[in-house]
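Enquirer: Quick one, fold the following:
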Amino acid sequence: MAGPYVMAIDQGTTSTRAMVFDRESNVIALDQREHRQIYPQPGWVEHDPMEIWERTQEVVRNALAKSNLTGREIAAIGITNQRETTIVWNKRSGKPYMNAIVWQDTRTDQICTQLERQGYAQLYRERAGLPISTYFSGPKLQWILENVPEVRRDAERGEALFGNVDTWEIWWLTGGPDGGVHVTDVSNASRTMLMNLRTLDWDDEILKIHGIPRQMLPQIRPSSDPQLYGKTTSFGPLGAEVPVCGDLGDQQAALVGQASLDVGMAKNTYGTGSFLLLNTGTEIVPSKSGLITTAAYKFGNGPCIYALEGSIAITGAAVQWLRDNLGLIKTSPEVEELARTVEDNGGIYFVPYFSGAFAPYWRLDARGVIVGLTRFINKGHIARATLEATAYQTRDVVEAMEADSGIRLAELRVDGGMVFNELLMQFQADILGVPTVRPVIAETTSLGAAYAAGLAVGYWNSPEEIRQYWKEDKRWQPQMDEARREKLYAGWKKAVERSFGWVEYS
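Expert: Modelled structure (predicted):
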């Protein structure tokens, strides 16, 4: 074995981190760097792929330095990533043809509206498990092919490569233009609208609908692959040849990191957006309540495990909006202190549908609204309503999930950066009426990627072994009476209705 530790590279929407874990899942080192959020025009959100790769190299080197380790002491590397964010680059130069189109971006609304009008909604639901939405990669890739002329030309020649951020990271880690491996895993491929959930391969009919040349697409591999995707180069940030063999979209990684490996287990991750996943095992469960059916993970030659997912576009990003756009706070953690300056929301609701409504409504025509404003309202009320919006959106998804699965949640395992906000976590328990439970390691996304890589090389022997490492840190019990809970939630539902129909499509 190359070394006694496993590294996870967690490339998120706002930052990139590298974490080093030992066999007991303890964090040995962590380094994190933010990258720019680029907004060329309303509804457009971009990242610089080269900046992301630069940040990746920085955090890897810094995490090794902080732990006084070399790359030779890392047994394996797992990647986890912001999903759906779309990159196209030239395989000879490694240069992107344009900035990455981020999952929040809505520029493909006309493409999606046209697909709906052409009657394709049921096709995508049945084959990909997804609604037609600007959220996913397929329409973004179609937009690039239609709007960046050299991409179409180079794609036909086999010189333009497509990938979500996991594919981009793995390609560069394994050599980039000098032999980089062009792969993805089932969890990320299932977020493109292009993969057939049953065959676990790209769907030729769907590719034809979007006009996407198959040779652009990465090979789909297991999330934990004993065959290895490849190895890092000795001239890369690790300075050694280390197996790269774990790959999970961030929310599926959090499901694994929460050890929610049994049918019926669920977790919610609070990050830029929030994402609630319910493990459905080897069964592909179609949703009738506005959820997504997605590939959760595939370990080696084992079967693909599926999940129902409720995707919420804007939760932590709403706090960033208060910070960066309105200047109400200087740092994101200050939102809790500001929210505690008032006793309640003062009668206002903030519906942060900046990118349209995701689960369970899937309304492209929705946009953000603040309703119930009076002269009484101050910035404390706005801060509190921002936090409450995260909890309300989570309840929307939980109710849909219970309707689809028939399972009443006994508790909600939670993770991500926002779970250290005590006010939010208590309100989440109150508005759901069930306990919220935070594990000792709250950044379970990175841990899940580490597990996937470690399992591939035998660092951990089996999925059963990793269950023992999940430990509870804190539990919030519901304290709100049912009448108040239902009154507040009814107000939220009214506010949601006000957000619909804002954008009109010709």
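
Enquirer: Show the residue spans covered by the helices in the stretch 351-500 of the chain.
Expert: Along the stretch 351-500 of the chain, counting by DSSP state H, counting those that start in this stretch, helices occupy 379-405, 422-432, 444-456, 463-467, 482-499.

Enquirer: of all those, which lies closest to P49?
Expert: helix 444-456 (19.6 Å; CB to CB). (C-beta placed from N, C-alpha, C; glycine too.)

Enquirer: Please name the residues that touch the residue of the chain positioned farthest from its centre.
Expert: The centre of the chain is farthest from one residue, R375, which by CA atoms, centre = their mean lies 37.8 Å away. Contact analysis of R375 by CB atoms under 8 Å, 6 or more residues apart in numbering lists nothing.

Enquirer: Give the phi and psi angles for it, as a check.
Expert: Backbone torsions of R375, given as degrees, to the nearest 10, read phi -70, psi -20.

Enquirer: And the pLDDT for it?
Expert: Note on R375: pLDDT of 95.

Enquirer: Hmm, S405 is touching G281, no?
Expert: No - counting by CB atoms under 8 Å, S405 stays clear of G281, with 11.4 Å between them.

Enquirer: Tell me which of the helices of the stretch 351-500 of the chain lies nearest to F354.
Expert: helix 482-499 (10.4 Å).

Enquirer: Could I get the average pLDDT for the closest one?
Expert: Mean per-residue pLDDT for helix 482-499: 96.

Enquirer: sorry, back to before: quick one: the residue farthest from the centre of the chain and I348, what's the gap?
Expert: 12 Å (CB to CB, to the nearest Å).

Enquirer: again with M19
Expert: M19 sits 38 Å away from I348, taking CB to CB as the criterion.

Enquirer: In terms of packing, which of the two has more residues around it?
Expert: M19 (25 against 20; other CB atoms under 10 Å).

Enquirer: Shouldn't the more buried one be within a strand?
Expert: Yes - counting by DSSP: H, G, I helix; E, B strand; the rest coil, M19 is found in a strand.

Enquirer: pLDDT wise, what is the nearest residue to it once chain neighbours are set aside at?
Expert: The spatially closest residue to M19, leaving aside those adjacent along the chain, is S446, at 4.3 Å (CB to CB, 6 or more residues apart in numbering). Model confidence at S446, expressed as pLDDT, equals 94.

Enquirer: got it, and the one 3 residues further on?
Expert: pLDDT for A449: 97.

Enquirer: is it true that V457 touches G78?
Expert: No - at 10.4 Å, V457 and G78 do not qualify as touching, with contact defined as CB under 8 Å.

Enquirer: what's the overlap in contacts for those two?
Expert: C245.

Enquirer: Show me the shaky parts of the stretch 201-350 of the chain.
Expert: For the stretch 201-350 of the chain, no stretch is flagged by pLDDT under 70.

Enquirer: Start from the N-terminal end of it and give the helices.
Expert: Secondary structure of the stretch 201-350 of the chain by DSSP H, counting those that start in this stretch: the helices cover 204-210, 250-257, 316-324, 334-339.

Enquirer: Return the angle between stretch directions for the second one and helix 444-456.
Expert: I take that to be helix 250-257. For helix 250-257 against helix 444-456, the angle by axes from the mean of the first three to the mean of the last three CA atoms, to 10 degrees is 70 degrees.

Enquirer: List the contacts of helix 250-257.
Expert: Residues contacting helix 250-257 (CB under 8 Å, 6+ apart): 10, 12, 78, 80-83, 187, 223, 248, 267, 269, 271, 275, 277, 279, 294-297, 307, 309, 311, 415-416, 441, 443-449, 451-452, 466.

Enquirer: export it as CSV, just CAs?
Expert: Presented in CSV, the C-alpha positions along helix 250-257 are these (Å, rounded to 0.1, in the frame of the first residue of the first chain):
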residue,chain,number,x,y,z
ASP,A,250,-21.1,16.0,-4.1
GLN,A,251,-24.6,15.0,-2.8
GLN,A,252,-24.1,11.3,-3.5
ALA,A,253,-20.7,11.6,-1.7
ALA,A,254,-22.5,13.1,1.3
LEU,A,255,-24.9,10.1,1.3
VAL,A,256,-21.9,7.7,1.4
GLY,A,257,-20.1,9.9,4.0
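
Enquirer: chain center to it, what's the gap?
Expert: Distance of helix 250-257 from its chain centroid, counting by CA atoms, centre = their mean, to the nearest Å, is 9 Å.

Enquirer: again, but for the shortest one
Expert: Mean C-alpha position of helix 334-339 versus that of the full chain (CA atoms, centre = their mean) differs by 25 Å.

Enquirer: Flag every buried residue along that helix.
Expert: Neighbour counts over helix 334-339 (16 or more other CB atoms under 10 Å) mark V335, E336, L338, A339 as buried.

Enquirer: would you turn those residues into a markdown table with distance to G239?
Expert: Shown next, in a markdown table, are those (distance: CB to CB, whole Å):
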| residue | distance to G239 |
| --- | --- |
| V335 | 40 |
| E336 | 41 |
| L338 | 44 |
| A339 | 45 |
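
Enquirer: which two in those residues are spaced the farthest apart?
Expert: Every pair of the buried residues of helix 334-339 checked by CB to CB; the farthest is E336 and L338, at 7.3 Å.

Enquirer: so what sits against both of the two?
Expert: Counting by CB under 8 Å, 6+ apart, nothing touches both E336 and L338.

Enquirer: Just want to know which of V457 and G78 has more residues nearby.
Expert: In this view V457 and G78 are compared by other CB under 10 Å, and G78 has more residues nearby, 32 against 20.

Enquirer: Ignoring the adjacent residues along the chain, who's closest to A495?
Expert: Y349 (3.7 Å).

Enquirer: Can you give me the distance of that neighbour to V371?
Expert: 5 Å.

Enquirer: If you count surrounding residues, which of the two has more?
Expert: More crowded of Y349 and V371, by other CB under 10 Å: Y349, with 22 against 18.

Enquirer: what's that one in contact with, if anything?
Expert: I370, V371, G372, A385, E388, A389, Y392, G491, W492, K494, A495.

Enquirer: Let's see if you can find the most crowded of those.
Expert: Ranked by neighbour count (other CB under 10 Å), the contacts of Y349 have A385 at the top, with 27 neighbours.

Enquirer: buried residues in stretch 255-265?
Expert: Buried-residue list, stretch 255-265, by 16+ other CB under 10 Å: L255, V256, G257, Q258, A259, S260, L261, V263, M265.

Enquirer: what's the answer for stretch 438-445, then?
Expert: So for stretch 438-445, counting by 16+ other CB under 10 Å, buried means R438, P439, I441, A442, E443, T444, T445.

Enquirer: now for these, which pair is the farthest apart?
Expert: R438 and T445 (14.1 Å).

Enquirer: mind showing which ranges of the stretch 401-506 of the chain have poor pLDDT?
Expert: 505-506.

Enquirer: Confirm T113 sits in a helix?
Expert: Yes - under three-state DSSP, T113 sits within a helix.

Enquirer: how near is it to A313?
Expert: For T113, the distance to A313 - CB to CB - is 18 Å.

Enquirer: Compare neighbour counts for those two and give me the winner.
Expert: Set T113 next to A313 and count neighbours by other CB under 10 Å: A313 wins out with 25 against 16.
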